[in-house]
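quick check, what structure comes out for this input:
(one chain, ligands or ions: 3)
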Amino acid sequence: MIHIPRAEYTRRRKALMAQMEPNSIAILPAAAVAIRNRDVEHVYRQDSDFQYLSGFPEPEAVIVLMPGRLHGEYVLFCRERNAERELWDGLRAGTEGATRDFGADDAFPITDIDDILPGLIEGRDRVYSAMGSNAEFDRHLMEWINVIRSKAHLGAQPPNEFVALDHLLHDMRLYKSAAEVKVMREAARISCAAHVRAMQASRAGLHEFSLEAELDYEFRKGGAKMPAYGSIVAAGRNSCILHYQQNDALLKDGDLVLIDAGCEIDCYASDITRTWPVNGKFSPEQKAIYDIVLASQEAAFAEIAPDKHWNQAHEATVRVITAGLVKLGLLQGDVDELIASEAYKAFYMHRAGHWLGMDVHDVGEYKVGGEWRVLEVGMALTVEPGIYIAPDNLNVAKKWRGIGVRIEDDVVVTKQGCEILTGGVPKAVAEIEALMAAAR
Ligand code: GLY
Ligand code: MN
Ligand code: MN
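Ligands and ions are numbered 1, 2, ... in the order given. The predicted model follows:
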């Protein structure tokens, strides 16, 4: 299995600590276990920030980073080994595993955190945490601080500054290392295979969930624990619902099906959309819309390179889509004016992409100082233009209504431009039709 090597987690912690102010401390909790119903839990997914800094896969754990601390800069609180619980639920690293296998300088049982953590915070001027994202943890943090404050008369020094960790950490996460790109390529490779499989399986009379099953099969077989987000399998008019997830409608002859799905490998997402005809052959209207979306995506790729800014790719898609809609008579008027008045938004209402990484809509600022961010090597993003003609749009001829097309690929910015991670699934009309014909 391809995964992030241990040494990289050490490097990340060091890089973060190098940016923290002197005499400070950072505290991050693991994701909580979420109950699905009664005593059944949702599949556990570690918090992305926690995972980024530790690679530690268990719940009930807290990372503490204390740059410059002589007795160890990295302390991990975690669950203790427990023969009874491990018999029922699986192995735990325990405190020995935390130091031996996960690089902690020191580790303590999570049950001792209230006794130990106030002592680690005491005397530090500044606390970094993900304030506001975990209300229960914020409350615990204030309790630990209040323990120190209550001892001020004995000379205890509570911290005076509380700083959001996000800014430092999320900027680090925005730039993908070689190891991260390798993991993302693997997630992309498996997701491409899943889309190909779903294309080959597509038949009128099946249901949307039949194709979802093909995706899941390929994800799991490839070693992915789960999809990176709820798979969207949207046939016919459902393709015009951007985040459709019901996935239970019939696949009908003559309809398109739009699949937006990607798996996650070692907590790194892939995010692919393809749209194809259920019966393997595009109608003239479907092809006309499809080719505009594809051309707009090609125009966007050309705008992704170091020194181009974040919005250039989006602007390129808007121009190609607006011009294309005018040519088909779906919009009337001057292209520049239609862009200025945002008339295209009736058909293309979302942006051309987002950062991609441990979270499918990954962290990282899109603007810096009020200006669109300039792309740099190692940034990963999606390119996903679309055209959606609402089934009840009475301003267009009936033959266009209910057509929804999105094409989405994942890219990493390189010195020369960008590397497309998801090239392994066809997207030209002729390629899709050929692939589907061969599977019949
Ligand atoms: N799958 C959600 C998105 O493409 O942004
Ligand atoms: Mn997507
Ligand atoms: Mn996306």
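
send me stretch 160-172 as CSV with only the CA atoms.
What follows is stretch 160-172, C-alpha atoms only, in CSV (Å, rounded to 0.1, in the frame of the first residue of the first chain):
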residue,chain,number,x,y,z
ASN,A,160,-2.2,35.1,27.8
GLU,A,161,-2.6,34.5,24.1
PHE,A,162,-4.8,32.1,22.2
VAL,A,163,-4.1,31.8,18.5
ALA,A,164,-5.9,29.9,15.8
LEU,A,165,-3.6,27.2,14.5
ASP,A,166,-5.4,27.0,11.2
HIS,A,167,-3.4,29.7,9.5
LEU,A,168,0.0,28.1,9.9
LEU,A,169,-1.1,24.5,9.5
HIS,A,170,-3.5,25.0,6.6
ASP,A,171,-0.9,26.9,4.6
MET,A,172,1.5,24.0,5.1
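
confidence score at Glu371?
You'll see Glu371 listed with a pLDDT of 98.

in the sheet, who's paired with it?
Val368 (DSSP bridges).

what's the separation between it and Ala316?
18 Å (Cβ to Cβ, to the nearest Å). Using the backbone N, CA and C atoms, a C-beta is placed for each residue, glycine as well.

of the two, which one has the most company?
Applying other Cβ atoms under 10 Å to Glu371 and Ala316 shows that Ala316 carries more neighbours, namely 23 against 10.

how far does the helix or strand that one falls within sit from its chain's centre?
Here Ala316 sits within helix 310-327, counting by DSSP states H and E. Chain-centre distance of helix 310-327: 25 Å, with Cα atoms, centre = their mean, to the nearest Å.

list the buried residues for it?
Buried residues in helix 310-327, counting neighbours by 16 or more other Cβ atoms under 10 Å, are found at 310-326.

what segments of the protein are helices?
6-19, 48-54, 83-89, 94-100, 113-121, 135-149, 166-174, 178-201, 208-221, 284-301, 310-327, 335-340, 429-438 (DSSP state H).

make TSV from those and add distance to ligand 1 and mean pLDDT to it.
Shown next, in TSV, are the helices of the chain (distance: least, Cβ to the nearest ligand atom, whole Å; pLDDT from 0 to 100):
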stretch	distance to ligand 1	mean pLDDT
helix 6-19	26	98
helix 48-54	16	98
helix 83-89	31	97
helix 94-100	34	98
helix 113-121	36	98
helix 135-149	26	96
helix 166-174	17	97
helix 178-201	11	98
helix 208-221	13	98
helix 284-301	13	99
helix 310-327	13	98
helix 335-340	23	98
helix 429-438	19	98
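
surely Trp276 touches Val429?
No. Using Cβ atoms under 8 Å, Trp276 is not in contact with Val429, being 9.1 Å away.

overlap in contacts, those two.
Common neighbours of Trp276 and Val429 (criterion: Cβ atoms under 8 Å, 6 or more residues apart in numbering): Phe282.

so those two - more neighbours on which side?
Per other Cβ under 10 Å, whichever of Trp276 and Val429 has more neighbours is Trp276, with 26 against 17.

Gly236 and Tyr244 touch, don't they?
No. Look at Gly236 against Tyr244 with Cβ under 8 Å: they stay out of range, at 10.7 Å.

who in the stretch 51-200 of the chain is up against ligand 3?
By Cβ under 5 Å from the ion, no part of the stretch 51-200 of the chain sits against ligand 3.

could you count how many residues lie near the closest residue to ligand 3 within the stretch 51-200 of the chain?
Relative to ligand 3, the nearest point of the stretch 51-200 of the chain is Ser191 (11.8 Å; Cβ to the ion). By other Cβ under 10 Å, 31 other residues sit near Ser191.

contacts only, for it.
Applying Cβ under 8 Å, 6+ apart, the residues contacting Ser191 are Phe219, Ala261, Gly262, Cys263, Ser270, Asp271, Ile272, Thr422, Val425.

between these, which is closest to ligand 3?
Proximity of those to ligand 3 (Cβ to the ion) peaks at Asp271, which lies at 4.2 Å.

what is the burial count for the closest one?
29.

and Ile35, by the same measure?
Around Ile35 there are 10 residues (other Cβ under 10 Å).

may I have stretch 229-239 as PDB, with CA atoms only?
C-alpha atoms of stretch 229-239 as PDB (Å, rounded to 0.1, in the frame of the first residue of the first chain):
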ATOM      1  CA  TYR A 229     -17.200  12.100   0.000                       C
ATOM      2  CA  GLY A 230     -20.700  10.800  -0.700                       C
ATOM      3  CA  SER A 231     -20.700   9.500  -4.300                       C
ATOM      4  CA  ILE A 232     -23.000  11.400  -6.600                       C
ATOM      5  CA  VAL A 233     -24.700   9.100  -9.200                       C
ATOM      6  CA  ALA A 234     -27.200  11.300 -11.000                       C
ATOM      7  CA  ALA A 235     -29.100  10.100 -14.000                       C
ATOM      8  CA  GLY A 236     -31.400  12.100 -16.300                       C
ATOM      9  CA  ARG A 237     -32.700  15.300 -14.700                       C
ATOM     10  CA  ASN A 238     -30.900  14.400 -11.400                       C
ATOM     11  CA  SER A 239     -27.700  15.500 -13.100                       C
END
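
that older thread, now the helices of the chain in JSON lines, with distance to Gly230?
Below are these laid out as JSON lines (distance: least, Cβ to Cβ, whole Å):
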{"stretch": "helix 6-19", "distance to Gly230": "29"}
{"stretch": "helix 48-54", "distance to Gly230": "17"}
{"stretch": "helix 83-89", "distance to Gly230": "26"}
{"stretch": "helix 94-100", "distance to Gly230": "33"}
{"stretch": "helix 113-121", "distance to Gly230": "34"}
{"stretch": "helix 135-149", "distance to Gly230": "24"}
{"stretch": "helix 166-174", "distance to Gly230": "22"}
{"stretch": "helix 178-201", "distance to Gly230": "14"}
{"stretch": "helix 208-221", "distance to Gly230": "10"}
{"stretch": "helix 284-301", "distance to Gly230": "22"}
{"stretch": "helix 310-327", "distance to Gly230": "24"}
{"stretch": "helix 335-340", "distance to Gly230": "33"}
{"stretch": "helix 429-438", "distance to Gly230": "24"}
